[in-house]
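Chemist: this one's sequence-less:
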């Protein structure tokens, strides 16, 4: 019984000590450490089969879910159809509806007749607003002459945009087992289409009227089916920042949706595949809110100018010539709002560039591509040969105008007495000293391209230089050098011997361990002694 009481007493004493320590020691809040490449996460769950949120300006993917899984696209196929049409025709061209366009299509349409004539503009508005399948078929025949040729053109255009896992079999998106698209490819197509001004005008139109035609005596009134842009049936899904888009639905594809939104200078696009109604409207809104609240666009040229490492006042202020190149003032990259611009990594690309682009700055954050900036020409003299020719022409003009002054100067020099050797030496030194010149933007960019310089290093030449260095190396056998070398060798030998002896000697390891244990015990004794003294002091005070 006494043992049981003693155990209970010790247990209660131990619990009291723990409680006392927890009260006396202040609690330190523990914060979750952010990862090195922090990227925001969407808090809401996306129930659609695939979804993507992309920045239109940079092409950066802000959110993704199953973006490489193929799904049926349904009527969002018409985005690619409209893009090809605006790129390969004029809006005033006459489109005649064939028998195949009228009778080989079903589903949504505006009920055109065989032989009916409409302009290309009217057809495309019907395609994008009312999702008219017969109009998409008629546009395809008008552009390429036949359906098969237009389908081939669709796949070629998609490949040129960067699509790798999608295949198109018709211009309207009606069910076909081989007609599939991924969310990533659809976002690339939607981004390329939005860069076209005509397409932007069509997809962002809320209402459109087709005047009477040769087959219809009355006008045809159309409204946009995108409920985030226009309240067709309800205004519950209206989104203030929506700029347009395209809807789609079939039993096999489910609900599909492509939407554009713009806020504070940032344009985003969202793609939903294999969604369900009405969730896909709310999920698209959640994607846009996530993008606008967590990301920010940064102008590259502004940050580059703010980080200048040289002072322009040091250089010649009389030189008013414009630089030969500059960063595109419209170039921007996208980053999380909590991340500074200097966290982005830049690499310079010189390959496969347009004629007016000298280099391309590619920015990444972590493993994500966050945008590019082009180094563009600002003057015609950009190549080295042109600059040399310009300098030579200026030299000829200067020599022609100043020939008389040079001759007079030479005659005056002949009349002058001979100068001292020191004066001549000073003059030659002054001539040899280069003047401060303003560093051009191209030189700065090349100096920053350390990665490319490292890649261009020839390893064979490096080994050859090392070999020549050892071959030509001559050692000075002086007393000082011999003593230094002897000391280094002795230290290395002693270190090796001690290491070997330490590995084989049990006594040495035991003595070191005993010494450490004594030190540890001494520290514990000091701690116990101090605590006892503090307790005694408290008792005396009481």
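Modeler: That came in fine, so what should we check first? Worth saying up front: this structure is predicted, and the values here are computed from it rather than measured.
Chemist: quick one: low-confidence parts of this structure?
Modeler: 1-36, 305-324, 379-478, 502-509, 536, 538-542 (pLDDT under 70).
Chemist: report the longest helix in it, please.
Modeler: helix 506-541 (DSSP state H).
Chemist: Check which helices and strands it is in contact with.
Modeler: helix 479-504 (3 or more Cβ pairs under 8 Å, 6 or more residues apart in numbering; DSSP states H and E). To be clear about C-beta, it is placed using only N, CA and C from the backbone, and glycine gets the same treatment.
Chemist: residues of the helix it packs on that come out buried?
Modeler: For helix 479-504, the neighbour count (16 or more other Cβ atoms under 10 Å) marks no residue as buried.
Chemist: start at 577 instead
Modeler: OK, 577 is where the count begins now, so the last one is helix 1055-1080.
Chemist: Give me the angle between that helix and helix 1082-1117.
Modeler: 80 degrees (axes from the mean of the first three to the mean of the last three Cα atoms, to 10 degrees).
Chemist: which residues does residue 624 contact?
Modeler: 641, 848-852, 855-856, 859 (Cβ atoms under 8 Å, 6 or more residues apart in numbering).
Chemist: For it, which non-adjacent residue is closest in space?
Modeler: Excluding the flanking residues, the one nearest residue 624 by Cβ to Cβ, 6 or more residues apart in numbering is residue 851, at 3.8 Å.
Chemist: The one you found and residue 652: what is the separation?
Modeler: 11 Å (Cβ to Cβ, to the nearest Å).
Chemist: re earlier: and which of the contacts of residue 624 is nearest to residue 921?
Modeler: Distance to residue 921 across these (Cβ to Cβ) is lowest for residue 641, with 26.2 Å.
Chemist: Can you list phi and psi of residue 700 for me?
Modeler: Taking degrees, to the nearest 10, you get phi -70, psi -40 for the backbone angles of residue 700.
Chemist: cool, residue 769 as well?
Modeler: Torsion angles, degrees, to the nearest 10, at residue 769: phi -70, psi -40.
Chemist: Pull the contacting residues for residue 671.
Modeler: Neighbours of residue 671 in contact, by Cβ under 8 Å, 6+ apart: 693-696, 699, 714-715, 718.
Chemist: what helix or strand does it sit in?
Modeler: For residue 671, the host element (DSSP states H and E) is strand 670-672.
Chemist: ok, then the element right after that strand?
Modeler: Heading C-terminal from strand 670-672 (DSSP H and E), you reach helix 675-679.
Chemist: what helices or strands is that following helix leaning on?
Modeler: helix 709-720.
Chemist: And the helix it packs on, what does it pack against?
Modeler: Helix 709-720 is packed against helix 654-664, strand 670-672, helix 675-679, helix 696-705, helix 723-737, with contacts defined by 3+ Cβ pairs under 8 Å, 6+ apart.
Chemist: Pipe the ones you listed into CSV and attach distance to residue 1075 per row.
Modeler: Below are these laid out as CSV (distance: least, Cβ to Cβ, whole Å):
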stretch, distance to residue 1075
helix 654-664, 71
strand 670-672, 89
helix 675-679, 88
helix 696-705, 79
helix 723-737, 64
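Chemist: which of these is buried the deepest?
Modeler: helix 696-705 (a mean of 25; mean count of other Cβ atoms under 10 Å).
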